[in-house]
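> Below are the sequence and a predicted model for it; my questions follow.
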Amino acid sequence: MTIRRLSTTVKFAAALALTASGGLVLAQVDDPDQGVAAADSSGSYEVSGIQIDVTGKSAEAARYAGWRIAQRKGWDMLSRRMGRGGGTLPDGTLDAMVSGIVVENEQIGPNRYVAKLGVLFSRARAGSILGVSAEASRSSPMLTIPIEVSGGVATGFEQKTAWQDAWSRYRTGNSAVDYVRPTGTGADALLLNLGQTERPGRGWWRVVLDQYGATDVLVPKVTLRREWPGGPIIGVFEARHGPDNRLVTQFTLRVDRADALAVLLDAGVKRIDEAYQAALRGGGLSGDSGLAYVTPVATPTPVATPTEVVPIDLGIDGLPGPAATKSGVTITVQVDTPTAGSVTGTESALQAIPGVRSAITTSLAIGGVSVLRVAYDADPAVLRAALESRGWSVSASGSTLRIRRGGSAGQGSQPTPTDSPTG
């Protein structure tokens, strides 16, 4: 007997054509080494594990009859699952209701067909006959990042892996978990890897989830350990959830041959899905509040406040002077200072005038004009009168006074002639 193993879904109407041509219907992506499309993301009812053993006049006839029997058995199993007590329908009705045949394993001989099949029933059409709603209560969209650790290397979507293939083969129509399964192309290799699954920052997770239309994240992980080349393979499976990478369940499966790796991984996917569904029913897959959309807080418009200008006296030489007192003013006094003694004498003369609080030299020029800053309790005109009464010659410009010793005005403005040396 010729043995042929297939793992694909084909339309029942095209069964004979595919058998004759030997063709397979597979989802394709641009890069054969990266990415794989999900086999089925529809909401079809799936009935699997249907055992078929039938004979016919030819291999094609036996296979055709086997698929007919699979449809009938599948409908009976689905009807009992939905609480309708089983039953059968005409083949024409089943043909219109069946959306695909899943070949789990088949052996084709000259006139015999032995297989393990699955049948996909359209949820809308089957639900109308069974009297159940076509709508199913499911979780919020969950971004799924399968991580495979093999040979000490952890791989997400950087390249195509057997674990990623297993998740793409799994049919999620009957699961209560809404898996968002990326294809592994484009930016997936950069965004969806082991490093991202171990990054707890909610801000970046919100950016990643928004790219895939998801609201939460699931991380199914498998660590493969091979006993020897071609020998047994042990898989340690972990179901993790959320940005904190919280462990939901963990278990270990084993197969005795290396060529049974796909069987091992398919069994692991099924058990992880069951664990996620159980956690969903128990409230364990509730969304993280840190991943929720954060409404931007509007920045309040600043209220304009009046600006108070604080007047300062910069003085003649640009140095800031002290603020005027509540009952007085600051007056700038310019005076000739031919010697150092004239500076201290001028300060003493000013401080002796009633109402003068202080007289400080701010710009010293021996042999020139020095500048003093005078704090006075009255108007500058009063200080001018007081200086003139004490024999000073005073000229005023606002709060600046130019004073000279009495009778010195105009003196020293012209140089004294000297005799020129004669030859």
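Ah, there it is.
> buried sites along stretch 45-55?
For stretch 45-55, burial by neighbour count (16 or more other Cβ atoms under 10 Å) applies to 45-48, 50, 52, 54. C-beta: built from backbone N, CA, C; applies to glycine.
> quick one: it to chain centroid distance?
Distance of stretch 45-55 from its chain centroid, counting by Cα atoms, centre = their mean, to the nearest Å, is 46 Å.
> what does stretch 338-349 give?
On Cα atoms, centre = their mean, the centre of stretch 338-349 falls 76 Å from the chain's centre.
> Going by neighbour count, list what's buried in that stretch.
Of all the residues in stretch 338-349, those buried under the rule 16+ other Cβ under 10 Å are 342-343, 346-347, 349.
> Show me which of those is closest to residue 273.
residue 347 (97.1 Å; Cβ to Cβ).
> Help me confirm that the closest one comes into contact with residue 372.
Yes. If you go by Cβ atoms under 8 Å, residue 347 and residue 372 touch, sitting 6.7 Å apart.
> what do the two both touch?
Contact criterion Cβ atoms under 8 Å, 6 or more residues apart in numbering; residues shared by residue 347 and residue 372: 359-361.
> In PyMOL, select just the buried ones from those residues.
Buried residues among these (16+ other Cβ under 10 Å), as a PyMOL selection:
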select buried, resi 359+361
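> Looking at the buried residues of stretch 338-349, which two lie furthest apart in space?
Maximum distance among the buried residues of stretch 338-349 (Cβ to Cβ): 11.0 Å, for 343 and 349.
> Quick one: list the elements packing against the helix or strand containing residue 116.
Per DSSP states H and E, residue 116 falls inside strand 112-121. Applying 3 or more Cβ pairs under 8 Å, 6 or more residues apart in numbering; DSSP states H and E, one finds that strand 112-121 contacts strand 45-55, helix 59-81, strand 98-108.
> Just want the angle from that strand to strand 98-108.
Counting by axes from the mean of the first three to the mean of the last three Cα atoms, to 10 degrees, strand 112-121 lies at 160 degrees to strand 98-108.
> Let me know the next secondary structure element after strand 112-121.
Toward the C-terminus, strand 112-121 is succeeded by helix 123-130 as the next helix or strand (DSSP H and E).
> mean confidence for that next one?
For helix 123-130, mean pLDDT is 77.
> relative orientation of that helix and helix 59-81 in degrees?
Angular relation of helix 123-130 and helix 59-81 on a 0 to 180 degree scale: 60 degrees, by the same axes, to 10 degrees.
> List the buried residues in helix 123-130.
123, 125-127, 129-130.
> swap in stretch 234-241?
235, 237-241.
> Residue 106 touches residue 113, doesn't it?
Yes. Assessed by Cβ under 8 Å, residue 106 is found in contact with residue 113 at 7.0 Å.
> higher neighbour count, those two?
Ranked by neighbour count (other Cβ atoms under 10 Å), residue 106 and residue 113 place residue 113 first, with 23 against 17.
> which residues does that one bridge with?
Beta-bridge partners recorded for residue 113 (DSSP bridges): residue 54, residue 108.
> my guess is it meets residue 54, correct?
Yes. Under the contact definition of Cβ under 8 Å, residue 113 touches residue 54, with a separation of 5.4 Å.
> contacting residues around the closest residue to residue 351 other than its chain neighbours?
Closest residue in space to residue 351, ignoring its immediate chain neighbours: residue 359 at 5.0 Å, by Cβ to Cβ, 6 or more residues apart in numbering. Residues in contact with residue 359 (Cβ under 8 Å, 6+ apart) are 333, 346-347, 350-351, 372-375.
> In this protein, where is pLDDT below threshold?
Applying pLDDT under 70 to the chain flags residues 1-43, 132-137, 293-327, 406-423.
> In it, which residue is most central in space?
residue 204 (2.0 Å; Cα atoms, centre = their mean).
> how much distance is there from the one helix or strand it maps to to the middle of the chain?
Assigned by DSSP H and E, residue 204 falls within helix 202-212. Put simply, helix 202-212 sits 4 Å off its chain's centre (Cα atoms, centre = their mean).
> What is the subsequent helix or strand relative to that helix?
Reading on from helix 202-212 to the C-terminus, the next helix or strand found by DSSP H and E is strand 216-226.
> circling back: what's the most distant pair in the buried residues of helix 123-130?
123 and 129 (11.2 Å).
> can you pull the contacts of the closest residue to residue 215 other than its chain neighbours?
Distances taken as Cβ to Cβ, 6+ apart put residue 140 closest to residue 215, at 4.5 Å, once the chain neighbours are dropped. Residues counted as contacts of residue 140 (Cβ under 8 Å, 6+ apart) are 178, 214-216, 287.
> Narrow these to those that are buried.
Using 16+ other Cβ under 10 Å, the buried ones in the contacts of residue 140 are 178, 214-216.
> Can you tell me which of the residues you listed is nearest residue 328?
Using Cβ to Cβ, residue 215 is the member of these that sits closest to residue 328, with 73.0 Å.
> quick one, what contacts the closest one?
So residue 215 contacts 140-142, 209, 287, 291-292 (Cβ under 8 Å, 6+ apart).
> Please report the distance of residue 88 from residue 71.
10 Å (Cβ to Cβ, to the nearest Å).
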